[in-house]
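> mind folding the following:
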Amino acid sequence: MTSAVLFGGPSPEHDISILTGLQALHELERPGSDVVGIYWTKTGAFYSVASAVEAEAFLDGVPKGSSELTLRLGDAGGFYAAGRMARERRLDLDTVLLATHGGPGEDGTLQGALDLAGLGYTGPTLAGAALGMDKWAFGSLIAQAGLPTLPRALLTSDSAALPFPGPYILKPRFGGSSIGIEVVADLTTARARLVSNTHLASGCVVEPYRDDVTDVQIALRTFPALDLSAIERPLRRTAAAEILNYRDKYVGGEGMVSAPRELPAVLPPGQGDEVVRLAKEVAELATVRGVARLDFLANDTELYVNEINTIPGSLAKYLFVDPPLAFAALLKDLLAEARERPAHRYSAAGADGTVLRSAGSIASKLA
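Below is the predicted model:
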């Protein structure tokens, strides 16, 4: 059987997804493994690409020499390629490693399609992906569970007031951790951003902006057992930056791998243990599967659960340094989990026809 690495997709994080996907594809191809690269275009089409392809090949769209694929659902579901004499050939895939950041690749859309196609895949389940992508739902879950988190509110053009004073940080409700994020001074400016910032069109979560806290992050993986990485403090490239932005995280050649950071983070006494404790609780609450990254906000005396990234950049490989974990081993475990612990299996148990036999005439029910 063959594994595939799927990356790209119609998402603002399309380019970062390509970098993560190529890192995984090249690593899996090293020992001569049977692996296929599947590129998901910005318009939603799928193509098989050469395993040795480089990032520059995607600057103009689909790399030369690629072959278009079709994803089919049902009993004979899977990816199909055009064959000789117009006949289609089903790719013999047993697992798909997902390197799809943001958008339909991380919000449950792709996960649901692969479930219906009968393909095993890495990373979050449909439900876990949808929860992780929805900042309002995730924050509400964390608050309801009694874990420390900053207050949140949904902002609309009709919002006359907010339950906490400004300044405010605005976040796309269904977006990643850096694209579309803005810091504003007051409610009037916040409402204006709903019109000017396209990333906020599908929903805006607002939180109090705290310039006295910084980001602290930890990665989790769930196979063969729950395992936590070292704790990092990502660094801003400029001291004047209000937030850890897209450039801080990704502009450097290798995605998150080349971002500036303090690893392991230097934390106040006991804070590292608290990060680990909270991360384990969140892993259970949010049904983490595969590799995820959990983001906190912290200062010397406070620690808040902030967000979860269910398919993190570079699959968070750079955080597993204590003890060291080779990227090849991380990928191998992800694929093994996809095979041994399927994300979902549909069942028609209970649909035994009893209701249909007693239904009578449908016409009589419409009269």
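
> how much space separates residue 93 from residue 217?
Between residue 93 and residue 217 the computed distance is 32 Å (CB to CB, to the nearest Å). (Glycine included, C-beta is placed from N, CA and C.)

> of these two, who's got more company?
Using other CB atoms under 10 Å, the more surrounded residue of residue 93 and residue 217 is residue 217, with 28 against 21.

> tell me which residues touch that one, please.
Going by CB atoms under 8 Å, 6 or more residues apart in numbering, residue 217 touches 231, 232, 233, 234, 293, 294, 295, 296, 319.

> number of residues surrounding residue 48?
Residue 48: 18 neighbours (other CB under 10 Å).

> what's the closest non-adjacent residue to it?
Excluding its sequence neighbours, the residue lying closest to residue 48 (CB to CB, 6 or more residues apart in numbering) is residue 67, at 4.9 Å.

> ok so, going back, now the contacts of residue 217 in TSV, with distance to residue 116, pLDDT and secondary structure?
Formatted as TSV, the contacts of residue 217 follow (distance: CB to CB, whole Å; pLDDT from 0 to 100; DSSP: H, G, I helix; E, B strand; the rest coil):
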residue	distance to residue 116	pLDDT	secondary structure
231	38	98	strand
232	37	97	strand
233	41	96	strand
234	37	94	strand
293	28	98	strand
294	29	98	strand
295	31	98	strand
296	35	98	strand
319	33	97	helix
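
> may I see the residues you listed organised as a markdown table, with neighbour count added?
Output for the contacts of residue 217, formatted as a markdown table (neighbours: other CB atoms under 10 Å):
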| residue | neighbour count |
| --- | --- |
| 231 | 24 |
| 232 | 23 |
| 233 | 19 |
| 234 | 19 |
| 293 | 24 |
| 294 | 27 |
| 295 | 18 |
| 296 | 26 |
| 319 | 26 |
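
> list just the nearest of the residues you listed to residue 80.
Nearest to residue 80 among those is residue 293, at 33.7 Å by CB to CB.

> in space, what's closest to that closest one - neighbours in sequence excluded?
Among residues not flanking residue 293 along the chain, residue 312 sits closest, at 3.8 Å (CB to CB, 6+ apart).

> which residues in the stretch 151-300 of the chain form helices?
Using DSSP state H, counting those that start in this stretch, the helices found in the stretch 151-300 of the chain span residues 187-196, 246-250, 271-285.

> nearest to residue 34, out of the ones you listed?
Each of the helices of the stretch 151-300 of the chain has some distance to residue 34 by CB to CB; the shortest is helix 246-250, at 30.3 Å.

> report the rounded mean pLDDT for the closest one.
Average pLDDT, helix 246-250: 52.

> same question for stretch 174-191.
Mean predicted lDDT for stretch 174-191 stands at 92.

> in that stretch, what counts as buried?
174-184, 187, 190-191 (16 or more other CB atoms under 10 Å).

> columns distance to residue 269 on top of these, output as a markdown table?
Formatted as a markdown table, the buried residues of stretch 174-191 follow (distance: CB to CB, whole Å):
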| residue | distance to residue 269 |
| --- | --- |
| 174 | 38 |
| 175 | 35 |
| 176 | 33 |
| 177 | 28 |
| 178 | 30 |
| 179 | 35 |
| 180 | 36 |
| 181 | 31 |
| 182 | 35 |
| 183 | 31 |
| 184 | 36 |
| 187 | 39 |
| 190 | 37 |
| 191 | 43 |
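
> what residues are up against the residue nearest the centre of the chain?
For the chain, the residue nearest the mean C-alpha position is residue 311 (3.3 Å; CA atoms, centre = their mean). Neighbouring residues of residue 311 by CB under 8 Å, 6+ apart: 98, 99, 100, 101, 105, 106, 123, 124, 129, 290, 291, 292.

> let's go with 10 Å and repeat that
13, 17, 20, 98-102, 105-106, 110, 122-124, 129, 132-133, 290-293 (CB atoms under 10 Å, 6 or more residues apart in numbering).

> repeat for residue 18
Per CB under 10 Å, 6+ apart, neighbours of residue 18: 7, 8, 9, 39, 40, 53, 55, 57, 58, 99, 101, 255.

> what is the burial count for the fifth one?
Other residues near residue 40 come to 28 when the count uses other CB under 10 Å.

> about what we covered before: from the contacts of residue 18, which single one is nearest residue 222?
Scanning those for proximity to residue 222, where the rule is CB to CB, the winner is residue 99, at 17.2 Å.

> helix or strand: which one has the residue nearest to the centre of the chain?
Assigned by DSSP states H and E, residue 311 belongs to neither a helix nor a strand.

> how far away is it from residue 198?
Distance of residue 311 to residue 198, computed by CB to CB: 23 Å.

> likewise for residue 12?
For residue 12, the distance to residue 198 - CB to CB - is 9 Å.

> neighbour count winner among those two?
Remark: of residue 12 and residue 198, residue 12 carries more neighbours, 18 against 10, as counted by other CB under 10 Å.
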